[in-house]
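A.B. asks: Pasting the sequence and the predicted model now:
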Amino acid sequence: MTTKGSGRRRWNREESLIVFNLYCRIPFNVSNRSHPDVQHIARLVDRTPDAVNMKIGNLGSLDPELKEQGIRGLGHASRLDQATWNEFHADWEARIEESQNLIFEREQALGVQSSNREEIPLEGEERLAPRRIRVNQDFFRGVVLSAYGGKCCITGIDLNKVLVASHIKPWKHSNSREKLNPRNGLCLNALHDKAFDRGLIAVNDDYTIAVSSVVSQSSNDAVRRLLLEYESQKIKLPSRFHPHPEFLQWHRDEVFAQ
């Protein structure tokens, strides 16, 4: 994390929401003034890349999961930083939509667009208005894949086109605090995403993998190789936004086929 001085103009709430959106989407340890996303957001909030990077460092000082890894961030978090942190964690869906809309509006006003938007769908059955779907998908997928380093947390597969930002507690069963909460996500390849979705595998509170007896009873070598061999192995944990035990328990109670 590299930083230099920031501008003197006070940050306002809209700017803080926009930077927090970025804070979630890029790995903390790669944030620097030369990062293209930092430079893009700096243009949108009319700040220097140094100022945006420093803001990310201040937000990092509020992150308990970074602290557990011995990463302290910067030491100048403001009351606005804390308020922004609290706003997102109180209602992820509302704040994601608000911050994404702010980004979109400023991009339109400046005639620019981020180059990292994806049109890859999430799993799930609910259908919203097309633009809202994209707004939600872009953020959730980006945050989850970034947190897991772009690798399936079970197999380590790193082919972006087969990776899914999989909900632990499905969208249709989640409230606004849960639907887009990054701690309700796992980065899985398409096969293990489907197995998780159908209750053939689950994740225990100690992050080890449980495999359904349905799989254990199979004599098919491919099934055993692709699923059963991972039983009791620990998933690769993300750098932040660890899967919340409450969501893991819900999946084991409501979806997992014992």
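C.D. replies: All right, it came through fine.

A.B. asks: Okay, Asp158 and His35: tell me how far apart.
C.D. replies: 20 Å (CB to CB, to the nearest Å). Just so you know, the C-beta spots here come from the backbone N, C-alpha and C atoms, and that holds for glycine as well.

A.B. asks: So the two - more neighbours on which side?
C.D. replies: His35 (20 against 15; other CB atoms under 10 Å).

A.B. asks: And the pLDDT at Gly73?
C.D. replies: pLDDT, Gly73: 77.

A.B. asks: Then the one 10 residues further on?
C.D. replies: In this model, Ala83 is scored at 97, pLDDT.

A.B. asks: just Arg117 next, same as before
C.D. replies: 50.

A.B. asks: just Ser114 next, same as before
C.D. replies: 70.

A.B. asks: now swap in Arg134 and tell me
C.D. replies: 62.

A.B. asks: Isn't Tyr23 up against Leu62?
C.D. replies: No - with contact defined as CB atoms under 8 Å, Tyr23 and Leu62 do not form a contacting pair (9.8 Å).

A.B. asks: The two - which one has more neighbours?
C.D. replies: Tyr23 (27 against 16).

A.B. asks: Extract the residue ranges of the stretch 51-200 of the chain that are flagged as low pLDDT.
C.D. replies: Applying pLDDT under 70 to the stretch 51-200 of the chain flags residues 115-135.

A.B. asks: now the helices for it?
C.D. replies: 64-68, 79-90, 92-110, 130-147, 190-197 (DSSP state H, counting those that start in this stretch).

A.B. asks: need the strands for the stretch 101-250 of the chain, in chain order.
C.D. replies: For the stretch 101-250 of the chain, the strands defined by DSSP state E, counting those that start in this stretch cover 163-167, 185-189, 201-203, 209-211.
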